[in-house]
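# What would the 3D arrangement of this be:
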Amino acid sequence: MAFSAGAAEQADTLLNASYDLSRPNDPAVAAQFRAKYQPAEFIDVDQTFGGWGAIEQMFFADGSLFHRIWNR
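The predicted model follows:
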């Protein structure tokens, strides 16, 4: 699927103007919403959690944190 020039930026702007769905990806859009979104500190998944496989086991596998919370 091809998007017209500026379509991604337009969608990013509309989503962030209307909802708190996610942080803007486009730097120009992020500049428009700087007051709404404070700077985020990004983490390294491998260093912090041991990789995506470890996250899957920790949070989403059978008997994991998500399942224990869901079953309460």
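# This structure: helices as residue ranges?
7-18, 27-32, 45-49, 52-55, 65-70 (DSSP state H).
# pLDDT averaged over the first one, what's the number?
For helix 7-18, the mean pLDDT works out to 69.
# Name the spans of the protein whose pLDDT lies under the cut-off.
1-3, 5, 12, 14-25 (pLDDT under 70).
# Kindly state the domain boundaries assigned to it.
Per the record, the chain has its domains at 7-41, 43-72, by automatic domain parsing.
# got JSON lines for the helices of the chain, with mean neighbour count and distance to residue 38 too?
(C-beta placed from N, C-alpha, C; glycine too.) Listed next are these as JSON lines, based on neighbours: other C-beta atoms under 10 Å; distance: least, C-beta to C-beta, whole Å:
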{"stretch": "helix 7-18", "mean neighbour count": "14", "distance to residue 38": "14"}
{"stretch": "helix 27-32", "mean neighbour count": "13", "distance to residue 38": "11"}
{"stretch": "helix 45-49", "mean neighbour count": "11", "distance to residue 38": "20"}
{"stretch": "helix 52-55", "mean neighbour count": "12", "distance to residue 38": "24"}
{"stretch": "helix 65-70", "mean neighbour count": "10", "distance to residue 38": "27"}
